[in-house]
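*Asks:* sequence first, predicted model second:
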Amino acid sequence: MIKEICLYIFLSIIFFKIYNKYISNLIIDKPNHRSSHIKVVPTSGGLLFLLIHFISIIFSGNYNLFILLPIGVIGFIDDLFDIKQFYRLCFQIINIYFIAELYVNFDIFKSIQLPSSIIFFIILIFGITLVNCINFMDGIDGLVSSNMFLIFLNYTFIFNSEFIGITFALFVFLFYNWSPAKLFMGDSGSTFLGLVLFYMISTSNNLNDSFILFLTASPLLMDSLVCILRRYLNKENIFSPHKKHLYQRMHQKGMKHEEVSIIYAVCTFILIIFSHTNNLIIMS
């Protein structure tokens, strides 16, 4: 595994240097009234996650993981041309539907006394929610990249090494994305990472592993979910742009990007540690 780690770190460094030098200035994020940054920053660095993932699939021969790439490609197109929200959502539903149909192990839900069609629908809604929660959280420097790196690192060494390439691409990307960010991941990165997390959770061998993976990601996920719930209860349009996530309000109160990101990352790290001391076991 050490050779693989070194290879993916080396490839990521090369790819990010090339991207940052020759491509990044062609795809930029201009700040607006919802932005937490004030300067124009190159975006869509998540395209490199897709490239590293593609290479890791070729090396491993695990071709079923190609199914995760389309959502990142659509995210990249959205970074370029700003696709309408409805079309993005439709594509997400299609991508998640095929993952659920082809790869989710429904045998682990036998203990749940619900029709399989209802379980399938719940999984579909869960996947859509997960992808968009991660996307919503990508609003300040280093927040999503640091937390997802920890989650993926834990998954790689404890559950399965199939995402080792993305894990260490994230590690290299952190050096570009940490405050002050020189590169954003864009929708090509955040939606892709959200879908990978959904794949990790929904294809686990048992419900306990799925719950643990979900809970270790809860610092990111609960911020989005609670924000959506609060806005819904306040009769606001939950799909309209806003700056009401906890991480945004922390920044508005004067906290620096890196301070907010470190708080979330520390919470994620603590939950991961708890998961290894059997303090996050949900069921036996």
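*Replies:* Arrived safely.
*Asks:* wasn't residue 224 part of a strand?
*Replies:* No. Read with DSSP: H, G, I helix; E, B strand; the rest coil, residue 224 is helix and lies in no strand.
*Asks:* neighbours around it, how many?
*Replies:* 20 (other CB atoms under 10 Å). Where you see a C-beta, it was placed from the backbone N, CA and C, and this is true even at glycine.
*Asks:* that one is in contact with residue 133, isn't it?
*Replies:* Yes. Between residue 224 and residue 133 there is a contact at 3.7 Å, judged by CB atoms under 8 Å.
*Asks:* first-to-last residue distance for stretch 42-49?
*Replies:* Stretch 42-49 has an end-to-end distance of 16 Å (criterion: CA to CA, to the nearest Å).
*Asks:* could you give me the average pLDDT of it?
*Replies:* For stretch 42-49, mean pLDDT is 94.
*Asks:* what does stretch 100-113 give?
*Replies:* Stretch 100-113 comes out at a mean pLDDT of 80.
*Asks:* which residues does it contact?
*Replies:* Stretch 100-113 is contacted from outside by 64, 67, 116, 119-120, 123-124, 127, 199, 202-207, 210, using CB atoms under 8 Å, 6 or more residues apart in numbering.
*Asks:* just say helix, strand or coil for residue 214.
*Replies:* helix.
*Asks:* begin at 54, not 1, for the rest of this chat.
*Replies:* With 54 as the first residue, the last one maps to residue 267.
*Asks:* quick one: which helix or strand includes the closest residue to it other than its chain neighbours?
*Replies:* Using CB to CB, 6 or more residues apart in numbering and skipping the chain neighbours, the partner closest in space to residue 267 is residue 254 (5.6 Å). Assigned by DSSP states H and E, residue 254 falls within helix 239-255.
*Asks:* may I see the buried residues of that helix?
*Replies:* 239-255 (16 or more other CB atoms under 10 Å).
*Asks:* OK, contacts around residue 119?
*Replies:* 107, 110.
*Asks:* measure it to residue 107 for me?
*Replies:* 8 Å (CB to CB, to the nearest Å).
*Asks:* and what of residue 148?
*Replies:* Relative to residue 107, residue 148 is positioned 16 Å away (CB to CB).
*Asks:* by residue count, what's the longest helix in this protein?
*Replies:* helix 169-190 (DSSP state H).
*Asks:* now do that helix: which elements does it pack against?
*Replies:* Contacts defined by 3 or more CB pairs under 8 Å, 6 or more residues apart in numbering; DSSP states H and E place helix 169-190 against helix 138-156, helix 196-211, helix 239-255, helix 271-286.
*Asks:* could I have that helix exported to CSV, CA atoms only?
*Replies:* Extracted as CSV, the C-alpha positions of helix 169-190 are listed here (Å, rounded to 0.1, in the frame of the first residue of the first chain):
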residue,chain,number,x,y,z
SER,A,169,-38.0,-3.3,-0.7
SER,A,170,-39.5,-0.5,-2.9
ILE,A,171,-39.8,1.8,0.1
ILE,A,172,-36.2,1.0,1.2
PHE,A,173,-35.0,1.7,-2.4
PHE,A,174,-36.8,5.1,-2.4
ILE,A,175,-35.3,6.0,1.0
ILE,A,176,-31.8,5.1,-0.3
LEU,A,177,-32.4,7.3,-3.3
ILE,A,178,-33.5,10.3,-1.2
PHE,A,179,-30.6,9.7,1.1
GLY,A,180,-28.1,9.7,-1.8
ILE,A,181,-29.5,13.0,-3.2
THR,A,182,-29.4,14.6,0.2
LEU,A,183,-25.9,13.4,0.9
VAL,A,184,-24.5,14.7,-2.4
ASN,A,185,-26.1,18.1,-2.0
CYS,A,186,-25.1,18.4,1.7
ILE,A,187,-21.5,18.0,0.8
ASN,A,188,-21.9,20.5,-2.1
PHE,A,189,-23.5,23.0,0.2
MET,A,190,-20.7,22.7,2.7
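*Asks:* helix 239-255 and that one, what's the angle between them?
*Replies:* 140 degrees (axes from the mean of the first three to the mean of the last three CA atoms, to 10 degrees).
*Asks:* in helix 169-190, which residues are buried?
*Replies:* Quick answer for helix 169-190 (16+ other CB under 10 Å): 173, 176-177, 179-190.
*Asks:* quick check, nearest of these to residue 312?
*Replies:* Of all the buried residues of helix 169-190, residue 190 has the smallest distance to residue 312: 15.9 Å, by CB to CB.
*Asks:* how much space between that closest one and residue 74?
*Replies:* Distance, residue 190 to residue 74, using CB to CB: 28 Å.
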